[in-house]
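> How does the following fold in three dimensions:
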Amino acid sequence: LGSGAVALGRAIAVNKNLDQVILKRCSISGDGIVALADGLRPNKTLTILDVSENETAFTDIRDSLERNRKMIRENFLRALTTETKGPWNRSKLMFIGQGRAGKTSLVRALLGKPFSEK
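Predicted coordinates for the structure are as follows:
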């Protein structure tokens, strides 16, 4: 996965949505690992990049991922304690309750959709 890893490294550099990439046992060459590490430097969202069981390992990947985790954690804590606004890439919510309790209406309201009598 030499040229593929190089292309993926370029894509990771500009991607703003991915938070995990698993490339375990993909026969990535040393050049591919370097390209992934280079692409990770400008990235601010990726927190997991598993390149284990490949030809080589690279400490820059671990350092960049730890930087992203720390920055995301600091942004989250700052948003909780101040009026600061910032990007929040995604969250998972689960609405649990008895039937006809209003779960769907709540989700529709949160999404800015109109109330439905159905």
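
> May I see the buried residues of the lengthiest helix in the chain?
Secondary structure of the chain per DSSP state H: the longest helix is helix 59-81. Across helix 59-81, burial judged by 16 or more other CB atoms under 10 Å covers Ile61, Ser64, Leu65, Asn68, Ile72. C-beta: built from backbone N, CA, C; applies to glycine.

> With respect to Thr81, which of those residues is nearest?
For the buried residues of helix 59-81, the closest approach to Thr81 (CB to CB) belongs to Ile72, at 15.3 Å.

> Quick check, central residue of the protein?
Nearest to the mean C-alpha position of the chain, by CA atoms, centre = their mean, lies Asp19 at 1.6 Å.

> Surely that one is in contact with Asn43?
No: contact between Asp19 and Asn43 fails when scored by CB atoms under 8 Å: they sit 10.1 Å apart.

> A strand includes Arg108, no?
No: assignment of Arg108 by DSSP: H, G, I helix; E, B strand; the rest coil gives helix, placing it outside any strand.

> That one: neighbour count?
The tally of other residues near Arg108 (other CB atoms under 10 Å) stands at 14.

> pretty sure it is in contact with Phe115, am I right?
Yes: using CB under 8 Å, Arg108 is in contact with Phe115, at 6.9 Å.

> Tell me, what's the model's pLDDT at Glu1?
Wrong residue type there; residue 1 is Leu, not Glu. Per-residue pLDDT puts Leu1 at 54.

> From Val51, how far out is Asn17?
As for Asn17, its distance to Val51 is 20 Å (criterion: CB to CB, to the nearest Å).

> With neighbour numbers in mind, choose between these two.
Using other CB under 10 Å, the more surrounded residue of Asn17 and Val51 is Val51, with 23 against 8.

> Need the pLDDT of that one.
Value for Val51, per-residue pLDDT: 86.

> Apart from its chain neighbours, what residue comes closest to it?
Nearest non-adjacent residue to Val51, counting by CB to CB, 6 or more residues apart in numbering: Leu23, 5.1 Å away.
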